[in-house]
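Colleague: after the sequence you'll find the predicted model.
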Amino acid sequence: MSAVAAPTKQAIKGLYNNMLRTSQSFSSYNFREYFVRRTEETFRTMENETDPEKLRSLYAESVKEHTVLSRSAVVNQLYGGWKLAVETKEMPQHPEAIKDRGD
């Protein structure tokens, strides 16, 4: 048994909120939706876990994923592409207006 205590619910919720915020900062629609969905699935698994050792490993893995996610979001914001049609809120007067940069 490990000497490190299992993460608290508050720590898990804080990491969840940070990962969601980071996921939503992607300028690319597809990346943003994928990482939001993946974050929700990961933490849904954590929420149902009862084994403290498994919870520790899931939490540690999520912390590592958050650092990678943060770096990826910055790169995506720097090199974001064009907005997709599903991202436009209302139909523009001119079709060429859809080609606004996503960053």
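Modeller: Good, I have the coordinates.
Colleague: what residue ranges in the chain score low on pLDDT?
Modeller: 1-3, 89-103 (pLDDT under 70).
Colleague: centroid residue for it?
Modeller: With distances taken as C-alpha atoms, centre = their mean, S23 lies nearest the centre of the chain, 2.7 Å away.
Colleague: residue contacts, the residue nearest to that residue when sequence neighbours are not counted?
Modeller: Once flanking residues are discounted, S23 sits nearest to F35: 3.8 Å by C-beta to C-beta, 6 or more residues apart in numbering. (Each C-beta comes from the backbone N, C-alpha and C, glycine too.) Contact analysis of F35 by C-beta atoms under 8 Å, 6 or more residues apart in numbering lists T22, S23, F26, L69.
Colleague: what's the separation between the second one and V4?
Modeller: Spelled out, it's S23. Distance, S23 to V4, by C-beta to C-beta, to the nearest Å: 27 Å.
Colleague: longest helix of the chain?
Modeller: Ranked by number of residues, the top helix in the chain under DSSP state H is helix 52-78.
Colleague: packing partners for that one?
Modeller: Packing partners of helix 52-78 (3 or more C-beta pairs under 8 Å, 6 or more residues apart in numbering; DSSP states H and E): helix 9-23, helix 29-48.
Colleague: and of those helices, who's closest to K64?
Modeller: Closest to K64 of the helices and strands packed on helix 52-78, according to C-beta to C-beta: helix 9-23, at 11.1 Å.
Colleague: just to revisit the earlier point, now the helices and strands packed on helix 52-78 in JSON lines, with distance to Y79?
Modeller: Shown next, in JSON lines, are the helices and strands packed on helix 52-78 (distance: least, C-beta to C-beta, whole Å):
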{"stretch": "helix 9-23", "distance to Y79": "17"}
{"stretch": "helix 29-48", "distance to Y79": "11"}
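Colleague: pull out the buried residues from stretch 11-21.
Modeller: With burial defined by 16 or more other C-beta atoms under 10 Å, the residues of stretch 11-21 counted as buried are I12, L15, Y16, N18, M19.
Colleague: mind putting those into JSON lines with distance to L55?
Modeller: Shown next, in JSON lines, are the buried residues of stretch 11-21 (distance: C-beta to C-beta, whole Å):
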{"residue": "I12", "distance to L55": "8"}
{"residue": "L15", "distance to L55": "12"}
{"residue": "Y16", "distance to L55": "13"}
{"residue": "N18", "distance to L55": "18"}
{"residue": "M19", "distance to L55": "16"}
